[in-house]
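A.B. asks: Generate a structure from the sequence data that follows.
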Amino acid sequence: MTEDAQTPLSLRWEHRPHWPALRKEFGGSETTAAMILSIVTADRPVSYSRNHNHYVRPRRYKESLYTYAKVTSSADYMAGQGFIIHDKVRPNHLKWQSSMLATSELVSRTREILSAGPPLVTATPRESIILKNADKEPVDYCDNPTIRRMRRRVEEMNEAIRGTLLTGVLPAPMVRIFNRTFNRGGRYYALGGGWQSMSKEARKLITIDGESVVEIDYKTLHPALLYAEAGATLPEDCYSIGSWPRPLAKLGLLVLVNAPTKNKARFAIAHHKTMAEVAVPGSQYALAAADQLMDDVKAVHHRIAKYFHSDKGAELMCMDSAIAETVMHLMLLNGVTVLPIHDSFLVQASKADLLEEAMQRAAYETGVEALQVSFG
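C.D. replies: Numbering: from 1, shown residues only. Presented below is the predicted three-dimensional model:
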């Protein structure tokens, strides 16, 4: 099981209304009850860490139920009771985390408890603005007016999501995650994955307040941001690169924009499944094809080639997250809740025109007039 096929453990549900019934039915601790709700509502295995260092966090991120002792003992307890399928990994393993998958019995018994009680509601995250270091561990920071404004915006959006009737997906609180500095990253992430971890086809089945949704995204967002920064005109078709298949040309451009080094860009392109259109992924032919593709992309996009494989991607994510914040705030001012997926948004079909207008306005206010939107 790959990590991409797992959902990181997040105690994202307000468990207290269900805690007495869960304790009576399953025993265990309060953390056990919170974990059961997370595991049962996930559509895939839930990963968690058995490394002590994972739980060493600054005070602003600490949650009383989320500690090494409480999480690992609850996992072991549930495994011992036969409630979960437990893939337990040694703490010092470099790649994999342990994982838990609810048994059908745990799912059915928990759903019976939930059906007899109040609806599940998302818990308020202890901290909604998260700064991570190079090792992707949360680190402390000093608040300032900008950060406090961002936090208020996230809390407003989470409050709107809590008050919205969703079907086809469970509501999830959002946080913003920055990388190393507040000029890198900052995208909105739904804790536990939520709608963001679903396939594009599955998202089409979601309803918001009883109405079907459409997904609208920014076309070629990161290349457009780079062209705007370079003061150059965005090509009409960014993904027309010689005779290369379009999906592979698109992959090449986006990897070059976001990769931190040239070697990592080459490796990522050569090993991607899309490379199968011209060579066996990971083969010497694929590596040679990746080299040629990178050269061809740079020739077509020479006006922004200086930004390629320079770790510019994290800065671009900060820019696109600021645009996303503006879009969602504009929609909230109109009484409409949208669900963000980084460079796209889910909205009620009847509000599509309003969202398109908000996306165009947000792009204009950011100084990127060339940004276009498309319906997914």
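
A.B. asks: helix/strand/coil for V214?
C.D. replies: Classification of V214 using DSSP: H, G, I helix; E, B strand; the rest coil returns strand.

A.B. asks: Per-residue confidence, it, what does it come out as?
C.D. replies: What the model reports for V214 is a pLDDT of 96.

A.B. asks: Counting neighbours, what do you get for it?
C.D. replies: 18 (other C-beta atoms under 10 Å). Every C-beta, even on glycine, is put in place using the N, C-alpha and C of the backbone.

A.B. asks: And for N179?
C.D. replies: 21.

A.B. asks: Contact partners for it?
C.D. replies: L131, K132, K136, G185, A314 (C-beta atoms under 8 Å, 6 or more residues apart in numbering).

A.B. asks: Show me these that map onto strands.
C.D. replies: L131, K132, G185 (DSSP state E).

A.B. asks: is it possible to export the residues you listed to CSV including pLDDT, distance to R176 and neighbour count?
C.D. replies: Shown next, in CSV, are the ones in strands among the contacts of N179 (pLDDT from 0 to 100; distance: C-beta to C-beta, whole Å; neighbours: other C-beta atoms under 10 Å):
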residue, pLDDT, distance to R176, neighbour count
L131, 97, 10, 23
K132, 95, 11, 15
G185, 95, 8, 22
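
A.B. asks: would you put the C-alpha positions of the strand or helix carrying A69 in PDB?
C.D. replies: For A69, the element it lies in under DSSP states H and E is helix 68-80. In PDB, the C-alpha atoms belonging to helix 68-80 read as follows (Å, rounded to 0.1, in the frame of the first residue of the first chain):
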ATOM      1  CA  TYR A  68       2.500   9.500  20.900                       C
ATOM      2  CA  ALA A  69       1.300   7.400  23.900                       C
ATOM      3  CA  LYS A  70      -2.400   8.000  23.300                       C
ATOM      4  CA  VAL A  71      -2.300   7.400  19.500                       C
ATOM      5  CA  THR A  72      -0.100   4.300  19.500                       C
ATOM      6  CA  SER A  73      -1.800   2.700  22.500                       C
ATOM      7  CA  SER A  74      -5.200   3.300  20.900                       C
ATOM      8  CA  ALA A  75      -4.000   1.800  17.600                       C
ATOM      9  CA  ASP A  76      -2.700  -1.300  19.500                       C
ATOM     10  CA  TYR A  77      -5.900  -1.500  21.500                       C
ATOM     11  CA  MET A  78      -8.100  -1.500  18.400                       C
ATOM     12  CA  ALA A  79      -5.900  -4.000  16.700                       C
ATOM     13  CA  GLY A  80      -6.000  -6.300  19.800                       C
END
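
A.B. asks: Next, the buried residues of it.
C.D. replies: Y68, K70, V71, T72, S74, A75, Y77, M78, A79 (16 or more other C-beta atoms under 10 Å).

A.B. asks: With stretch 281-297 instead?
C.D. replies: Buried residues in stretch 281-297 (16+ other C-beta under 10 Å): P281, A286, L287, A289, A290, L293, M294, D296, V297.

A.B. asks: check contacts around S49.
C.D. replies: Y55, V71, P91, Q97, S98 are the contacts of S49 under C-beta under 8 Å, 6+ apart.

A.B. asks: I'd like to know how many residues surround V154.
C.D. replies: 21.

A.B. asks: make that N133, sorry
C.D. replies: 10.

A.B. asks: Got phi/psi on N53?
C.D. replies: Backbone torsions for N53, taken as degrees, to the nearest 10, come to phi -60, psi -30.

A.B. asks: With adjacent residues omitted, what lies nearest to it?
C.D. replies: E137 (7.6 Å; C-beta to C-beta, 6 or more residues apart in numbering).

A.B. asks: same deal with V213?
C.D. replies: Nearest non-adjacent residue to V213 (C-beta to C-beta, 6+ apart): L346, at 4.7 Å.

A.B. asks: got a list of contacts for the helix or strand that neighbour falls within?
C.D. replies: Using DSSP H and E, L346 maps to strand 344-348. Strand 344-348 has contacts (C-beta under 8 Å, 6+ apart) with 195, 203, 206, 208-209, 211-218, 324, 327-328, 331, 336, 338-339, 354-355, 359, 376.

A.B. asks: Heading C-terminal from that strand, find the next helix or strand.
C.D. replies: Counting by DSSP H and E, what follows strand 344-348 is helix 352-366.
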